[in-house]
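Engineer: Make a model of this:
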Amino acid sequence: MALILRNTNQVEFHTNLTEIVEPFKKEFASLNWLLTNQDYTLLDYPEKSLVDKLDHESDRIEFAGPELLDIIENRYIQFIWGVFCGIRGKIPNLEKNELPYADCNAEIWTEPDQFLLAESEIEIICFDGSYTIVKFLDKKLEERFKEKFTDAQLLKKSAG
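Structural biologist: From the prediction side, this is the model:
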């Protein structure tokens with residue numbers, strides 16, 4: 001099931017991953033993460049400079065869970081676009097045309113319960129800085145997320 005946060009005051013700004021991952025931080029850190037289709041703004045850039053691994057030009061960026069958790073907990077970043085795929089084990093070697101993406105991807109809306117990457121256990125989709133979509137393989141994590149974010153709504157299938 002896909003959950004969407006929109007029109008909410010429960011986060012400082014949409015796609016603020018520091019707040020989004022709080023209810024499942026331990027599980028977040030236990031996965032390897034593939035980030036694709038990313039566009040972001042470093043809101044603390046004047047104080048802390050660039051994050052070396054975040055590269056606007058990369059098609060894909062891979063993180064160990066603790067590494068990505070450290071970045072999002074210690075930096076002030078708004079992800080405008082991006083697909084974060086949390087994977088247990090090795091991240092698959094994908095061709096460029098196989099990489100999950102959010103921008104202009106109708107499947108997010110027409111097939112909301114499908115993971116964009118079959119190997120994902122958790123997916124976080126940052127959509128235009130306006131919506132945050134979260135999908136969990138583990139229903140207990142989904143329930144924990146919904147307890148924290150009571151504004152989260154079920155993302156319903158729409159016509160494509």
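Engineer: how far away is the spatially most central residue of the chain from residue 130?
Structural biologist: The residue lying closest to the centre of the chain (C-alpha atoms, centre = their mean) is residue 124, at 2.5 Å. Going from residue 124 to residue 130 by C-beta to C-beta, to the nearest Å gives 14 Å. Every residue, glycine included, has its C-beta placed from N, CA and C.
Engineer: got it, and residue 100?
Structural biologist: Residue 100 is 19 Å from residue 130, by C-beta to C-beta.
Engineer: higher neighbour count, these two?
Structural biologist: Neighbour count, other C-beta atoms under 10 Å: between residue 100 and residue 130, residue 100 has more, with 24 against 13.
Engineer: mind listing the strands in the protein by residue range?
Structural biologist: 2-5, 32-42, 60-64, 77-87, 120-127, 131-136, 153-154 (DSSP state E).
Engineer: Contacts for the last one, please.
Structural biologist: Contacts to strand 153-154, defined as C-beta atoms under 8 Å, 6 or more residues apart in numbering, come from residues 1-6.
Engineer: which of these lies closest to residue 112?
Structural biologist: Within the contacts of strand 153-154, the smallest distance to residue 112 is 4.1 Å, found for residue 2 (C-beta to C-beta).
Engineer: Could you check how many residues crowd around the closest one?
Structural biologist: Using other C-beta under 10 Å, residue 2 is surrounded by 23 other residues.
Engineer: which residues are in contact with stretch 135-142?
Structural biologist: So stretch 135-142 is contacted by 1-3, 23-24, 27, 113, 115, 120-123, 125, 145 (C-beta under 8 Å, 6+ apart).
Engineer: on that earlier part again, can you redo the strands of the chain as a markdown table with distance to residue 95?
Structural biologist: Shown next, in a markdown table, are the strands of the chain (distance: least, C-beta to C-beta, whole Å):
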| stretch | distance to residue 95 |
| --- | --- |
| strand 2-5 | 25 |
| strand 32-42 | 12 |
| strand 60-64 | 11 |
| strand 77-87 | 15 |
| strand 120-127 | 17 |
| strand 131-136 | 23 |
| strand 153-154 | 32 |
